[in-house]
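In: Using only what follows, build the 3D model:
(chains A and B, ligands or ions: 2)
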Amino acid sequence: MSGLFKSEIKNPVINWIDCRLPLFTMMSKEYGSFPTPKNFNYFWNFGALAMVNLVIMILTGVFLAMNYTPNTTMAFASVQHIMRDVNYGWLLRYAHANGASMFFIVVYIHIFRGLYYGSYKAPRELLWQLGVVIMLLMMATAFMGYVLPWGQMSFWGAKVITSLFSAFPVVGQPIVTWLWGGFSVDNPTLNRFFSLHYLLPFVLVGVIFLHIVALHITGSNNPLGVEVKGPADTLPFHPYYTVKDSVGICVFLIVFSVLIFFAPNYLGHVDNYIPANPLSTPADIVPEWYFLPFYAILRSVPNKLLGVLMMFSSIGVLLVIPWLDTSKVRSSRFRPVYRPFVAFVLPICLVTLGEVGAHSPVGIWVILGRVATAYYFFHFLVLMPVLGKLETTLPLPESISEAVLKAKTLKKAEAV
Amino acid sequence: MADSSASVGHSSDDGVTKRDFLALLASAGAAVTVGAIAWPLIDSMNPAADTLAVSAVEVDLKPILLGSGITLLWRGQPIFVRYRTPAEIKEAQDTPMADLIEPQEDSARVKPGHDQWLVLIAVCTHLGCIPLGNKLGQKRGDWGGYYCPCHGSQYDTSGRVRHGPAPLNLWVPPYAFESDTKIKIG
Ligand code: HEM
Ligand code: FES
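Out: Numbering: from 1, shown residues only, chains lettered A, B, ... in the order given. Ligands and ions are numbered 1, 2, ... in the order given. As a prediction, the model looks like this:
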């Protein structure tokens, strides 16, 4: 047996493969017996949900691509052909378009979970940063996907967003021309966006793989934010969390189905059912909802270059929060002062930014946009470093199992 | 092993070996090769020859009404051709340079002897929307030129930016008069 892996799997066929390529052992180690903190709440479902969502996107996307034509003269019509003539084409397209929205809902909640429970702190900094890279790749993918149906919003959204790069002095305009492959958003642009829209999801798969590898080195964080101390703190991933994840997946699929079957265009924009017209700018250019907060930050700054830089730094700042947050305590449960800021003020700030992004920048929306933008950066650049040093945190439990047992006895006592 | 190269005499006195030199040379060669392979890929995304071949368009000015303009496409970009009124011309010419965000004389933006014709690339220098105001009756902003509906930039009757967020004046495409009533763009 020298040179072969010693597989313990009983089935002779699987054993034969496993000795030569120990995928089965790896899977059962990483997803079967993998020791997982026993106190997860439903916030810990969203990673698995994101994976399911990515699979749905790739599947529906590959089949859409079989009927889609990336040419400015035919793209719009080919999407209508998918909607009207292709068997179940409407389902594929509505699942794909709403799947993108679901993907962002899931990933934004997943990120919020990380922020609230301090999952970005040592030793999980790189894991967190890989997550930010995943979010950026998703944004690029979704942006280019939205251009493909070649409606008015596709065209003008593409024009506005690619023009962002012209803000950079000297290199700006050449970069934009290079991105466009011409002097305006046109056929070369549509072609390359289709090519990249097909490619990036598979790059995502690669980065997500690294994200999981890093996760399985450090192990998961948990709602208490105290590290696992021993076997008493954990459960094997299967069946405990495969089951919990399955419950979440069912709820996810219900919400997804409601969107697809009852409100398939609720999150879209009607103007995208008008074919792209380079000679007519729509009254108001609005990006997809998941980009609105960032669009609002861009428009809150009256200077073009500064606005672009602020928008990019609003995501860039996430890369460095492992070092901006000076608190030794991970979970916000034990941070009474920080907790309301991360649980309420920050989400309200983001929803406000989203609302601002959907309105023309006049009157009250300008002021709201500026206040919310200011708070966003204040939260990460000032609150995180300063509060971490000043705040008196609540006493942490000795271990996960101790906290879980105590909660159980309390409940029993209440019942009696 | 560590000092084997020194012991066989490849080392100069300062500890730099021939092997260091070879490693440097090989890395530099590899870097150049990677660059040489990457460049064609990157450059293939730049405008292709047929896109660059400037397709010129001729524009007949006769149908354009005083005070209004027409919009056409050139190289995929919208172009404004506007017939300015004497008042608009005077306003454009009399604007003090100090009032401008990107100072430029009106005379540098039109052809001599053809002050009434303003030809512009109709792409807002902020983020690329088409400004309003080329047609009579459209919103023209406080300076009587153009108003961009996207983020509220305003341009004067010479197409110069007067109110942000746009940082630059509207661009003037290359064009020439073929006769008094016909121009060729490109
Ligand atoms: C990260 C995963 C993905 C995301 C977030 C995403 C997002 C999007 C979005 C937002 C649209 C516009 C939907 C609309 O309004 O019609 C779109 C369209 C499209 N996507 Fe994707 N996509 C993903 C993966 C893929 C993959 C792997 C393919 C495979 C080739 C693909 C192929 C297409 C095609 C052909 C269209 C045009 C048809 C249409 O507009 O419905 N997508 N995508
Ligand atoms: S694109 Fe014209 S003001 Fe922004």
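
In: Thought A:Leu224 was touching A:Ala403, still the case?
Out: Yes: under the criterion of CB atoms under 8 Å, A:Ala403 makes contact with A:Leu224 at 5.7 Å. Every C-beta, even on glycine, is put in place using the N, C-alpha and C of the backbone.

In: So the two - more neighbours on which side?
Out: A:Leu224 (21 against 18; other CB atoms under 10 Å in any protein chain shown).

In: before we move on, which element is the more buried one in?
Out: Assigned by DSSP states H and E, A:Leu224 falls within no helix or strand.

In: What score does it have for pLDDT?
Out: With respect to pLDDT, A:Leu224 has a value of 96.

In: quick revisit: now the common contact residues for A:Ala403 and A:Leu224.
Out: A:Asn39, A:Pro397 (CB atoms under 8 Å, 6 or more residues apart in numbering or on different chains).

In: Secondary structure element holding A:Leu306?
Out: Using DSSP H and E, A:Leu306 falls within helix A:304-324.

In: Now the element after that helix, going C-ward?
Out: Going down the chain from helix A:304-324, the next helix or strand is helix A:338-340, by DSSP H and E.

In: Identify the residues contacting A:His92.
Out: No His there; residue A:92 is Leu. A:Thr60, A:Phe63, A:Leu64, A:Ile82, A:Val86.

In: Could you find the closest non-adjacent residue to the second one?
Out: Closest residue to A:Phe63 apart from its sequence neighbours, by CB to CB, 6 or more residues apart in numbering or on different chains: A:Leu92 at 5.4 Å.

In: now the fourth one
Out: Leaving aside its sequence neighbours, A:Ile82 sits nearest to A:Gly89 (CB to CB, 6+ apart; 3.9 Å).

In: The one you found reaches A:Asn67, doesn't it?
Out: Yes: here A:Gly89 reaches A:Asn67: they are 6.5 Å apart, a contact under CB under 8 Å.

In: How many residues are close by A:Val371?
Out: Count around A:Val371 with other CB under 10 Å applied: 15.

In: Can you pull out the residues in contact with the helix or strand hosting it?
Out: Under DSSP H and E, the secondary-structure element containing A:Val371 is helix A:364-378. Helix A:364-378 is contacted by residues A:296-297, A:299-301, A:310, A:313-314, A:317, A:345-346, A:349-350, A:352-353, A:355-357, A:359, A:361 when judged by CB under 8 Å, 6+ apart.

In: These, buried ones only, as a ChimeraX selection?
Out: To isolate the buried ones among the contacts of helix A:364-378 in ChimeraX, judged by 16 or more other CB atoms under 10 Å in any protein chain shown, type:
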select /A:296,297,299,300,301,310,314,317,346,349,350,352,353,355,356,357,359,361
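
In: How about the residues of chain B by ligand 2?
Out: Contact residues, chain B versus ligand 2 (CB under 6 Å from any ligand atom): B:Cys124, B:His126, B:Leu127, B:Gly128, B:Cys129, B:Cys148, B:Cys150, B:His151, B:Gly152, B:Ser153, B:Pro165, B:Ala166.

In: How much space separates the fourth one from A:Met74?
Out: Using CB to CB, to the nearest Å, B:Gly128 is found at 24 Å from A:Met74.

In: And the two? Which one has more around it.
Out: Comparing B:Gly128 with A:Met74 by other CB under 10 Å, the one with more neighbours is B:Gly128, at 24 against 13.

In: tell me the pLDDT at the residue nearest to B:Leu168 when sequence neighbours are not counted?
Out: Computed as CB to CB, 6+ apart, the closest residue to B:Leu168 that is not its neighbour in sequence is B:Thr125, at 4.0 Å. We have a pLDDT of 89 for B:Thr125.

In: Could you check which residue of chain A lies nearest ligand 2?
Out: In chain A, the residue that lies nearest ligand 2 is A:Val160 (6.6 Å; CB to the nearest ligand atom).

In: Now that residue: which helix or strand?
Out: Element membership of A:Val160, judged by DSSP H and E, is helix A:152-163.
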